[in-house]
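Just the structure for this:
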Amino acid sequence: MEKKQPAMRLKAIYTNFPAIICLAAPPVLVWISGRLVLTPAMFERSGFGTGGEHYHFAIYYNIQRWASATSEILLVLKVLAVSCALDAGAYLLDLPVSFKKILRPVLFAEVSFFVGAVVKLIWFKMAYTNGTLQDWQGFHPLSLAMLFPTANVYLTGLLETLSVFEVAYWYLLAEGIRHVSGGTFDRCLQLVVRAYLPALLIWWLLISFLRLTLLSNA
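Numbering: from 1, shown residues only. Here you go, the predicted structure:
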């Protein structure tokens, strides 16, 4: 019995590994970005008031604290929303997989966006020696937004979303669901296309509406 305990612990770690990564990655990325890119000097270059060093540090500290708290909440909400959409789609497509089983590949697929965040940090640090918050917010590496920088404001959100990392996310979702359901990859990819992409389209429409509302009130 004692010999089985280490094996059981390793199995538990392996089973919970996607959840561990998802919970740990956002605050770590926020912390790293605050040290490499989103520094008090950047806020000063971006024109956040003229209150001196202490003023810019207060802004920096508050934003870092807010980002660390909300990144976890938003990630949990996103994972639950995507899992619910895929669970409903699996039911309609008669794919034998439960919500609990879907949750694991959804968590694991988030790795593609974590890699994208790291790529953005490194790329931005190398490309912008004196970058501002405006530069950071408009920088979306390996996305269609880089190919069409002057695109219509209505399409900006969609172009920013369609990136190499988004496509990798679709693949990881389909492959992960195939693994836990025992279905074919084509059928699982069909599930992603029918269940996840419509939700992504609704999200893009919402972001576009909010962006246009803010621009019209600016």
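
Leaving out chain neighbours, which residue sits closest to Phe185?
Closest residue to Phe185 apart from its sequence neighbours, by Cβ to Cβ, 6 or more residues apart in numbering: Arg178 at 5.0 Å. (Each C-beta comes from the backbone N, C-alpha and C, glycine too.)

Check which residues of the helix or strand that neighbour falls within are buried.
Per DSSP states H and E: Arg178 is located in helix 164-181. Buried residues in helix 164-181, counting neighbours by 16 or more other Cβ atoms under 10 Å, are found at 165-166, 168-170, 172-178, 180-181.

Let me have the residues you listed in TSV, extended by pLDDT.
Below are the buried residues of helix 164-181 laid out as TSV (pLDDT from 0 to 100):
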residue	pLDDT
Phe165	95
Glu166	94
Ala168	95
Tyr169	94
Trp170	94
Leu172	92
Leu173	93
Ala174	94
Glu175	92
Gly176	91
Ile177	93
Arg178	92
Val180	90
Ser181	89
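
got CSV for those, with distance to Gly138 too?
Formatted as CSV, the buried residues of helix 164-181 follow (distance: Cβ to Cβ, whole Å):
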residue, distance to Gly138
Phe165, 17
Glu166, 18
Ala168, 22
Tyr169, 22
Trp170, 24
Leu172, 27
Leu173, 28
Ala174, 31
Glu175, 32
Gly176, 32
Ile177, 34
Arg178, 36
Val180, 38
Ser181, 39
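
and the helix or strand hosting Leu121, what does it pack onto?
Using DSSP H and E, Leu121 maps to helix 111-127. Contact here means 3 or more Cβ pairs under 8 Å, 6 or more residues apart in numbering; DSSP states H and E; on that basis helix 111-127 packs against helix 4-36, helix 164-181.
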